[in-house]
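Asker: Here's a sequence, model it:
(4 chains)
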Protein chains: 4
Amino acid sequence: MTDNSWYHGNPLDIDPERIQIRRVIDVNDRFLRDITIGQGGKANGQPRQAGFDIVAASELMAILALAAGRDSLDALKNLRARLGRMVVAFDRQGTPITADDIKAAGAATVIMRETLKPNLMQTIENTPAFIHAGPFGNIAHGNSSILADQIALRVADYVVTESGFGADMGAEKFFNIKCRASGLWPAAAVMVATVRALKSQTGKYKITPGKPLPPELLAENPDDVYAGGANLSKQIANVRRFGVPVVVALNAFPDDKPSEIAAVRAIAKAAGAVDMAVSTVFADGGQGGLELARMVIAAADTGHTSPAFLYPLEASIKQKIHAIATEIYGADDVSFSEQAEQQISTYEAKGFGNLPICMAKTHLSLSHDPALKGAPSGYTFPIREVRASVGAGFIYPLAGTMMTMPGLGATPSAQSIDIDADGNTIGLF
Amino acid sequence: MTDNSWYHGNPLDIDPERIQIRRVIDVNDRFLRDITIGQGGKANGQPRQAGFDIVAASELMAILALAAGRDSLDALKNLRARLGRMVVAFDRQGTPITADDIKAAGAATVIMRETLKPNLMQTIENTPAFIHAGPFGNIAHGNSSILADQIALRVADYVVTESGFGADMGAEKFFNIKCRASGLWPAAAVMVATVRALKSQTGKYKITPGKPLPPELLAENPDDVYAGGANLSKQIANVRRFGVPVVVALNAFPDDKPSEIAAVRAIAKAAGAVDMAVSTVFADGGQGGLELARMVIAAADTGHTSPAFLYPLEASIKQKIHAIATEIYGADDVSFSEQAEQQISTYEAKGFGNLPICMAKTHLSLSHDPALKGAPSGYTFPIREVRASVGAGFIYPLAGTMMTMPGLGATPSAQSIDIDADGNTIGLF
Amino acid sequence: MTDNSWYHGNPLDIDPERIQIRRVIDVNDRFLRDITIGQGGKANGQPRQAGFDIVAASELMAILALAAGRDSLDALKNLRARLGRMVVAFDRQGTPITADDIKAAGAATVIMRETLKPNLMQTIENTPAFIHAGPFGNIAHGNSSILADQIALRVADYVVTESGFGADMGAEKFFNIKCRASGLWPAAAVMVATVRALKSQTGKYKITPGKPLPPELLAENPDDVYAGGANLSKQIANVRRFGVPVVVALNAFPDDKPSEIAAVRAIAKAAGAVDMAVSTVFADGGQGGLELARMVIAAADTGHTSPAFLYPLEASIKQKIHAIATEIYGADDVSFSEQAEQQISTYEAKGFGNLPICMAKTHLSLSHDPALKGAPSGYTFPIREVRASVGAGFIYPLAGTMMTMPGLGATPSAQSIDIDADGNTIGLF
Amino acid sequence: MTDNSWYHGNPLDIDPERIQIRRVIDVNDRFLRDITIGQGGKANGQPRQAGFDIVAASELMAILALAAGRDSLDALKNLRARLGRMVVAFDRQGTPITADDIKAAGAATVIMRETLKPNLMQTIENTPAFIHAGPFGNIAHGNSSILADQIALRVADYVVTESGFGADMGAEKFFNIKCRASGLWPAAAVMVATVRALKSQTGKYKITPGKPLPPELLAENPDDVYAGGANLSKQIANVRRFGVPVVVALNAFPDDKPSEIAAVRAIAKAAGAVDMAVSTVFADGGQGGLELARMVIAAADTGHTSPAFLYPLEASIKQKIHAIATEIYGADDVSFSEQAEQQISTYEAKGFGNLPICMAKTHLSLSHDPALKGAPSGYTFPIREVRASVGAGFIYPLAGTMMTMPGLGATPSAQSIDIDADGNTIGLF
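Answerer: Predicted coordinates:
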């Protein structure tokens, strides 16, 4: 709709170099990341550099996860309003052009109206679970939908909701973005840890996706757990900062050693966690989570927690970024590129200054730099660019390059998927 | 998968300039017709000119409509085999590379296996109808699926199946491609005509999509019906050529005049049709089709028809094209561009010479030229290019430029779609 | 300058899809034929499909060859005026935008002012020769400059000027375009022929650039000379049509046989040539051209010739094209593509209808089709597209695809060019 | 030649994403900075992202300026050898491919052989001056040619050669790159300063290209001269570091105040300069430079200076970069991007580690950051990317984005260039 408005006489004076919306498609196709569209003559549009993202990286997904209301009609209207506010482009004078301006928000609402309804799934032990919305944790807020939480709260005594991509990303955004939008606040937090992850936070081990773990990582080594534990301590402190009791769930592996598990518990308690439970849910199903469940219930029942946001919305964009970078990530200071400075000025001038911040950074470190392990400090956190998801309702600064369209490997799994002689599907796993 | 194989070391020596498969997406987006993909550095692939088509224009759709078997497993295997034969590229020596060669056909089968099941819909009078598969009539065969026909034949006394895009396109391909693949043969043919269409076949009226019809087209004028009727006569003769009785269904409009309807009947009978029925189904529902239905039943019950193909598969590609162009379209001769000549040589050398022909031409004329109305003759039918849908199982010569991705107008319908204050969807119609 | 005006606010409302001017560069670089420019963000322009031509294919070269005047100042002003009239683009309403509109013509004149001065060279026998301007014969008029002819006429008794790319192209354009612009008219025409070329006009021999000639072409065969001679006869008749006496210069090769040379003379005389001379200039220098020179002087002194153009400028564009195609090329009729029809309408509406025609067609046949040898007749000459070189002062219809940027072979000559141990340049020949 | 080798079967296994050579053309054309070439099908090459630079930014220009020899033949051979060593691409295994590998260096030598001869110009007072070679000071070494210096030294008592783009860039590269290549060493250095430039080094004034200077910059203010003089002091110390006496040439402007000129002299002397001369050459011609000339002669005659390079060639690439950044630019440390690290490893592995360093940075600051004025210290100098000009003979690390193709403004000078009624060129100045 945006390109089409530009094509047909451009009545809104869209600046083609500042179209904000990328096309989305759920394929694994690196060739679509950076493309030139509209070639081959006037009938085919006008040339422009563009690209495709996967759906999870679309602002539409972030909007879906944050849409909420008193009832289903109210939620639908909230969806409609958010879609209408999406900034799809800027005109040549720098004024934002919204989905409402190009008259696309109504149709988008109609297309998405069924997606508002959470999927009710069940675990293999028949416990109900809502699976609803998947906003990318690196560029969006990485949390399940508010609507699913609201529905769950009406039908269950205790609701567990996931906030992904590390507590520095998922939990911080959960509190400052999702809880602000929903008006809900958790009674307790569960922080998942593993022995091997804490060891790897020492920075001593080279871990490559798709390759086996280094064997020395699996040898008994409680000292490494203590050394890498700085990361867990900082994450616990970060969540405690929001006034919520923390239970650490140790996701146990067969080769975890008692000395190492003890080290995790010691770290957790020292950092202010209520306690640590060993979870063997992967191996033992629900039985393996009983200790954890009892601990969480106890923590949740302990007492009342009340919203303690990290920053007020009225703070300037730079102040808000500074608060996250220094208090959550451990940075000393924040630097802003010239481009980021200009974008922040534009957003504040256009009235987007009061939105919360949704940081786009790596999940491989508390900092912006995947190589900085443990609990880094004394560094400057760099903001390269700042974007606005006005429909979702947040500003997202970029501290690095985020990949929003995956690519296939040399031997894609699709190569082994087929039907067998009886017509059964094979090769999916 | 094809681009990915080219990207990861190109083990099959794919010639990137001869990748045959375009990406598909069901949007209305002219900007995607002609694009350059794989830009922005090595991580994003390798630059190549490519484009998107809508799904109906994909060989996958043509395959779905032609897949058939004794039972559902057999049909699934037939789908699998056809997908595997799809030619996705040529290597640098000119050898075809198939979907099986790039190991994509198994996964494609798994993705498409549910699509094999026809959709059972109903009319507003509750008559069951299968809606299944929509291969483009200009570049593919434009017929409903064989599977839906096979299922329908098991549950109904009479099955009506549609073959779209003019009898010169839809019916010819129905007989020579679909009936060959299904082993079925119709008992009768219904040819739909309108008074206004026959008048417009005089070439005297300028009809523009999206504009009102010229008023003089709607004035009583049986002479014009007779003049434009040459088109109907030729179409009836063409279908009679396949040995099937033809009933003409006059799709009546309120402003049709008795003198004009009489003219159509006279033309139909003179051309060898069994009879003509006036259909008012649009206005009167099933009641408006009773005369037609009785006529069709009578024609179908008349006697046995047996396959009379226009050409044997063993004929050369050029002979088969020649047969269609001269016997169905009324051309004197066929010309082949240099490119077409080379492609025909390649296909015959690679063993695709025995496939039937699926002509890609305009539906606005019996010829290749939309300006030639009525029953043109004495012209040379030009073949610009020849492609092969080996999975679907046909060669498709191009006599013109076919548009396989639509574009939005200056005021797309999406602009008026929205929800109202009660959350109801509005603006769809 | 055109792209820059589009980029900086587009005050002239340039339609980027209708920019007429391609960049030029004198390299041999197929990669520059079809490119997308202006990528990489706003600082780098705006994306647009464009391309490079070599300089000979630029309208600037055609302008240089046609610029003329009473004296050098007058010629400079004529150059200035022609440059100013160049149509560099159309605006969105279809109005032509000229080099004067974008204020580029003055600077272009200053850049080109020294090029107005012909290069005075000499043959290896020290005869002076002007080498000046090289407009492509397939898309422009393929003649040396008017200015060089004018200067030569002041200092020599007889001036020979070349008009390249076959008499059907070069001579026709010489008369109808160059002579109209210069006000000069030749006293005689020299038509160059070879025995082997006439044999090849039978269409019996397969000649491939870069490969040795087929040996059977070189065997004595006067019958083939007679058979292929239809081409020479038609070319002589064509030039005679302009009222100018024709002398045929047989460019002799060592393996020409007396019987074959006699055949050429017989054909020439039968077609109305004054006579034929055997030229051995390549082997014998000036001595080898004495017979020819005497014959040409005699013909030139015979009497007065006066302008007899093929068509009046006031004829419609289609009439002028029709005259060339039927009277010079031997076609029965001319067909115009829809695009060509529209362009002709535009040019006539914009006041370019009175320009002469500069046909862009192959030099390998009297017709548009390289495969039609001899003197083809009974065919339709197809016009695919029509362009206007308003600065040069002609309309150029395209009957085929013209290559305006060459490409290197697998072993470019550059590979063998170098310096030797003494610093001498080697490998140039 | 590189693209052509890739196109014709790619016998050297050129990695198209790692072609190092950009095309060059001397136009002012932002649209050519970032382009996609080779589009439109196989005959037109293969798609690839590429771009044009101006000639001054080409490695060929840097090579020309550094080519040298005992005599003209020796210099020609040196040119030939340097051209042959140019790395034009890498293959898929990461091996460098040179101009000799693609057999392009011989032809390039022949094309450039005449450019080896310096242009002898004269000043308006008829003093001879060589103008020869113009390598970009931001990405190359920004110095006049060695050949011109060598010739000048044979014919003059004193030779002044220019090294542009600030002493931190031009002088450092003069000593470490050009003097190493020529074997020459200067007897004295002239450092040019202006009152207004030193004031602007306070960072208090906003100076915008194309806009008038702020009036307050021109008011008498010796304090600002002292404050900004830190820059001059550092530059003098930097040149003194190479063992060469420095004379400061104050390029006087009419509005310079005596108090300010005195401040410059005080700064210069305090920093170790021999003295400062006021130069009014712009206003008074040669007479205005007499004081400066006498001072330079005296300094040059003072005594013997001998090569004192900043770093040995045998140091690692990182050590050499570190030496320049800390000793010349005042940085505390150097950071290397991941890409830079990889490139350095590649170059050292491929044997390019012993080349001198040619830093590509802004000329607006002693640091990499145009906003850091005066003599910045305590910062980290960031290396984003490292390239190799192996033919020219240096490694060039990039500390920022360098523009290598200019663009026209909204009102290009070309718009006012024209001929007048008498044919004279107007509008050049």
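Asker: Can you find the residue of the stretch 101-250 of chain A that comes nearest to chain B?
Answerer: Going by Cβ to the nearest Cβ, chain B is nearest to A:Gly106 of the stretch 101-250 of chain A, at 2.8 Å. For the C-beta atoms, the positions are set from N, CA and C on the backbone; glycine is no exception.
Asker: now the strands: where do they sit in the stretch 251-400 of chain A?
Answerer: Assigned by DSSP state E, counting those that start in this stretch, the strands in the stretch 251-400 of chain A fall at A:275-279, A:333-336, A:380-383, A:385-389, A:394-398.
Asker: Would you indicate which residues of the third one are buried?
Answerer: Yep, that's strand A:380-383 we're talking about. A:381-383 (16 or more other Cβ atoms under 10 Å in any protein chain shown).
Asker: re earlier: quick check: which element contains the residue of the stretch 101-250 of chain A closest to chain B?
Answerer: helix A:105-112 (DSSP states H and E).
Asker: from the chain's centre, how far out does that helix sit?
Answerer: 24 Å (Cα atoms, centre = their mean, to the nearest Å).
Asker: For that helix, give the mean pLDDT please.
Answerer: The average pLDDT within helix A:105-112 is 96.
Asker: Counting by contacts, list what that helix packs against.
Answerer: helix A:59-66, helix A:72-85, strand B:418-419 (3 or more Cβ pairs under 8 Å, 6 or more residues apart in numbering or on different chains; DSSP states H and E).
Asker: Highest mean neighbour count out of these?
Answerer: With neighbours taken as mean count of other Cβ atoms under 10 Å in any protein chain shown, these reach their highest mean count in helix A:59-66, at a mean of 26.
Asker: Report whether that helix contacts chain B.
Answerer: No. Applying Cβ under 8 Å from any Cβ of the partner chain, one finds helix A:59-66 out of contact with chain B, separated by at least 14.3 Å.
Asker: That helix versus helix A:105-112: what angle between them?
Answerer: On the basis of axes from the mean of the first three to the mean of the last three Cα atoms, to 10 degrees, helix A:59-66 is oriented at 70 degrees to helix A:105-112.
Asker: what about A:Glu172, how many neighbours?
Answerer: A:Glu172: 25 surrounding residues under other Cβ atoms under 10 Å in any protein chain shown.
Asker: Which element, helix or strand, includes it?
Answerer: Secondary structure (DSSP H and E) places A:Glu172 in helix A:172-173.
Asker: neighbouring contacts of that helix?
Answerer: Contact with helix A:172-173 is made by A:141-143, A:163, A:238, A:310, A:324, A:328, A:358-359, as judged by Cβ atoms under 8 Å, 6 or more residues apart in numbering or on different chains.
Asker: Also stretch A:213-224?
Answerer: A:196, A:198-200, A:202, A:204-207, A:255, A:257, A:259-260, A:262-263.
Asker: Tell me how far it lies from the chain's centre.
Answerer: 30 Å.
Asker: Convert it to CSV, retaining C-alpha atoms only.
Answerer: Listed next in CSV are the C-alpha coordinates belonging to stretch A:213-224 (Å, rounded to 0.1, in the frame of the first residue of the first chain):
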residue,chain,number,x,y,z
LEU,A,213,30.2,-28.5,22.8
PRO,A,214,33.9,-28.6,23.8
PRO,A,215,34.3,-31.6,26.1
GLU,A,216,36.3,-29.6,28.7
LEU,A,217,33.1,-27.5,29.2
LEU,A,218,31.4,-30.7,30.5
ALA,A,219,34.1,-31.7,33.0
GLU,A,220,33.5,-31.0,36.7
ASN,A,221,34.5,-27.4,37.4
PRO,A,222,32.7,-25.5,40.1
ASP,A,223,35.3,-22.8,40.0
ASP,A,224,34.1,-21.9,36.5
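Asker: sorry, back to before: report the buried members of the contacts of stretch A:213-224.
Answerer: A:196, A:198-200, A:202, A:205, A:260, A:263.
Asker: Return the item of these having minimum pLDDT.
Answerer: Lowest pLDDT of the buried ones among the contacts of stretch A:213-224: A:Tyr205, 91.
Asker: Leaving out sequence neighbours, find the closest residue to it.
Answerer: A:Leu217 (4.8 Å; Cβ to Cβ, 6 or more residues apart in numbering or on different chains).
Asker: and that neighbour, how far is that from C:Gly378?
Answerer: Going from A:Leu217 to C:Gly378 by Cβ to Cβ, to the nearest Å gives 85 Å.
Asker: the more surrounded of these two?
Answerer: Set side by side, A:Leu217 and C:Gly378 show more neighbours around A:Leu217, with 20 against 8, by other Cβ under 10 Å.
Asker: Tell me the backbone dihedrals of A:Asn10, please.
Answerer: phi 50, psi 60 (degrees, to the nearest 10).
Asker: how many other residues sit next to it?
Answerer: 14.
Asker: if we can go back for a sec, name the residues of the helix holding A:Gly106 that come out as buried.
Answerer: A:105-110, A:112.
Asker: contacting residues for the residue of the stretch 301-429 of chain A found nearest chain C?
Answerer: Closest to chain C within the stretch 301-429 of chain A is A:Gln339: 10.9 Å, counting by Cβ to the nearest Cβ. Counting by Cβ under 8 Å, 6+ apart, A:Gln339 touches A:384-385.
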